[in-house]
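Q: make a model of this:
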Amino acid sequence: MKTYLKTITLLAFIFALSSCGGNKQEPTQERAETPSDLMAEAPIYDATKIDPNALIQTVQLKAVGNTMADIHYDDTMLVVKAGTTIKLSLENLSTDPTMLHNFTLVEEGTAEKVAMEGVKAGPDKDYIPAMREVLVATKMLKPKESVEITFPAPAAGMYDFICTYPGHAVRMRGKFRVEGGV
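A: Numbering: from 1, shown residues only. The predicted structure follows:
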């Protein structure tokens, strides 16, 4: 009986030691990011920090199609220069009243994640989720509407753009490349 109690006590002691911080757990995706986490990854893009002396680069984009099978942007590769101010105009050429579209610029590789979160954001937020991966977005446009937004070009690199209306990101997507400096 004493041996049995010693074994149980020893096992309990080993278990207690191993669960007291010796093993570091990897962060999970559910873990909320803190501002210090975000700063460690990359500087946070601020679409409101427009340099009044920057060159202005205009970009025109059209949302096309009246069915889920034929919706798309008329251009799937937008190229701009780093250090410029972008004036992007989006026009919804659809005629079907159910074809609402927007332009949402996101970090490369996050389009699916942003699209899923957009559904959760809902119509009150134009299906645009409040998340670090979203750099800039237009409002949701009804057919025959257009909008213009102005924002500073993000850092040189590749980005994605999508329409965040539910189901549209599968077909309405493209690449947004920011090249070198001006």
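
Q: CA atoms for contacts and neighbours, from now on please.
A: Fine.

Q: how near is residue 89 to residue 121?
A: Between residue 89 and residue 121 the computed distance is 24 Å (Cα to Cα, to the nearest Å).

Q: typo on my end, residue 70
A: According to Cα to Cα, residue 70 and residue 121 sit 25 Å apart.

Q: same deal with residue 168?
A: For residue 168, the distance to residue 121 equals 15 Å [Cα to Cα].

Q: more neighbours: the two, which one.
A: Between residue 168 and residue 121, residue 168 has the larger neighbour count (other Cα atoms under 10 Å), namely 20 against 16.

Q: the more buried one reaches residue 68, doesn't it?
A: Yes: here residue 168 lies in contact with residue 68, judged by Cα atoms under 8 Å, at a distance of 7.4 Å.

Q: ends of stretch 89-100, what's the gap?
A: End to end - Cα to Cα - stretch 89-100 spans 16 Å.

Q: now that stretch: average pLDDT?
A: Taken as a whole, stretch 89-100 has a mean pLDDT of 97.

Q: now stretch 171-180
A: Averaged across stretch 171-180, the pLDDT comes to 97.

Q: which residues touch that stretch?
A: 71-73, 75-82, 105, 153-163 (Cα atoms under 8 Å, 6 or more residues apart in numbering).

Q: tell me which strands the strand or helix carrying residue 90 pairs with, and in which orientation.
A: Assigned by DSSP states H and E, residue 90 belongs to strand 85-92. Using DSSP bridges, strand 85-92 pairs in its sheet with strand 56-64 (parallel), strand 146-152 (antiparallel).
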